[in-house]
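Trainee: What follows is a predicted protein model with its sequence.
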Amino acid sequence: MGAAESRIAQRLLACLMLCAANAGYGFNLSEPSTGIFVHSGRQLALDAPGHDDIANIGFIVGRKCVAVIDSGGSMRIGRALRGAVMQHTALPVCYVINTHVHVDHVLGNAAFKGDRPSFVGHAALSQAMARSREFFVTQYGGDLDSPPSADQIIAPDRTVESEVTLDLGGRQLALRAWPTAHSDCDLTIFDAQTGTLWTGDLLFLERLPAVDGSVKGWLKALDELAHMRVKLAVPGHGPITHDLAASLATERGYLQALTAGTRDELSQGKSPQEAIERVAVAQKPHWLLWDSVHPHNVMRAIQELEWE
Ligand SMILES: [Zn+2]
């Protein structure tokens, strides 16, 4: 076998190994627009087997380098994503961007450490990670490399106060940090070249939105998102959509019902348990994972709205 043939054989073998690894993980990947690669997470509860693979994650390829957007809920998923990057391009990973602090979006960060990227997030992400680090290690240690350790939870070295543009070489990404909404560190990424918006968890489809920040702040963010000219939106959870306005309206339906219903219950002096059973129940048929997420949302809404 000549040198050229040997190189081809090596590449084929590397590809086969990656494909096999990805098939083993069931690691789906699509390219809904040029250079936009999305791995779709599964609609599972956070305590179910496979919970490390529930968020939509992916990467964007420029002429000079690659930006990874969220790294999944484990080192396993982070490595599968890294394998997918390498399968599609020889360009280096220059950025790993986290859309917010939640475990399903950040635990794969360390899989990219050897690429020496800049880790990018909302200005409040470092603090949010510092608060969560111990919890992640004790509750999600099995999703980290063994032995689980705090240094595997990688915080941003570059933060976004309001807006920042990253250049991937002929491809500009506009990052925007949001006031408290789904969480206190939500970041969106807009790729001007294809009109693609990665919403992080500001947008959920099919899976019931989980409130961990402010329901009032989230409704405000939805109003602003609705004004953006977007061709394609990649939500934090659920299918990619070409109709951002309709998707936002569906989510708003739930968050508005949650807000109005909770205010009603509070004004009638109902107990939290009664509120959980009554608030927004007409919305229940439209959403997955209602029973594991809605009670928590009602409790958060009560905390936020009881003193207004
Ligand atoms: Zn989240």
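Mentor: Alright, I've got the coordinates. Numbering: from 1, shown residues only.

Trainee: Within range of the ion, give me the residues from the stretch 151-300 of the chain.
Mentor: Within the stretch 151-300 of the chain, the residues that sit near the ion (Cβ under 5 Å from the ion) are residue 201. Placement of C-beta: from N, CA and C, glycine included.

Trainee: How about the residues of the stretch 1-150 of the chain by the ion?
Mentor: By Cβ under 5 Å from the ion, the residues of the stretch 1-150 of the chain that approach the ion are residue 102.

Trainee: which residues of the stretch 1-150 of the chain fall in helices?
Mentor: 3-25, 75-88, 103-106, 125-139 (DSSP state H, counting those that start in this stretch).

Trainee: Then the stretch 201-308 of the chain?
Mentor: Taking DSSP H, counting those that start in this stretch, the helices of the stretch 201-308 of the chain run over residues 215-225, 244-267, 272-278, 290-305.

Trainee: Adding mean pLDDT and distance to residue 81 as columns, could you present these in TSV?
Mentor: Formatted as TSV, those follow (pLDDT from 0 to 100; distance: least, Cβ to Cβ, whole Å):
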stretch	mean pLDDT	distance to residue 81
helix 215-225	98	25
helix 244-267	98	24
helix 272-278	97	36
helix 290-305	97	25
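
Trainee: Please name whichever of those is nearest to residue 207.
Mentor: In terms of Cβ to Cβ, the element of these nearest to residue 207 is helix 290-305, at 7.9 Å.

Trainee: Check the offset of that closest one from the chain's centre.
Mentor: Taking Cα atoms, centre = their mean, to the nearest Å, one finds the center of helix 290-305 at 20 Å from the center of the full chain.

Trainee: Tabulate the CA atom coordinates of it in PDB.
Mentor: Presented in PDB, the C-alpha positions along helix 290-305 are these (Å, rounded to 0.1, in the frame of the first residue of the first chain):
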ATOM      1  CA  TRP A 290     -46.000  18.300  32.800                       C
ATOM      2  CA  ASP A 291     -46.000  16.300  36.000                       C
ATOM      3  CA  SER A 292     -42.200  16.600  36.500                       C
ATOM      4  CA  VAL A 293     -41.900  20.300  35.600                       C
ATOM      5  CA  HIS A 294     -45.200  22.100  36.300                       C
ATOM      6  CA  PRO A 295     -45.300  21.800  40.100                       C
ATOM      7  CA  HIS A 296     -41.900  23.400  40.300                       C
ATOM      8  CA  ASN A 297     -42.900  26.200  37.900                       C
ATOM      9  CA  VAL A 298     -46.000  27.000  40.100                       C
ATOM     10  CA  MET A 299     -43.800  27.100  43.200                       C
ATOM     11  CA  ARG A 300     -41.400  29.500  41.400                       C
ATOM     12  CA  ALA A 301     -44.200  31.700  40.200                       C
ATOM     13  CA  ILE A 302     -45.700  31.900  43.700                       C
ATOM     14  CA  GLN A 303     -42.300  33.000  45.100                       C
ATOM     15  CA  GLU A 304     -42.000  35.700  42.400                       C
ATOM     16  CA  LEU A 305     -45.600  36.900  42.500                       C
END
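
Trainee: Alright, calling it a day.
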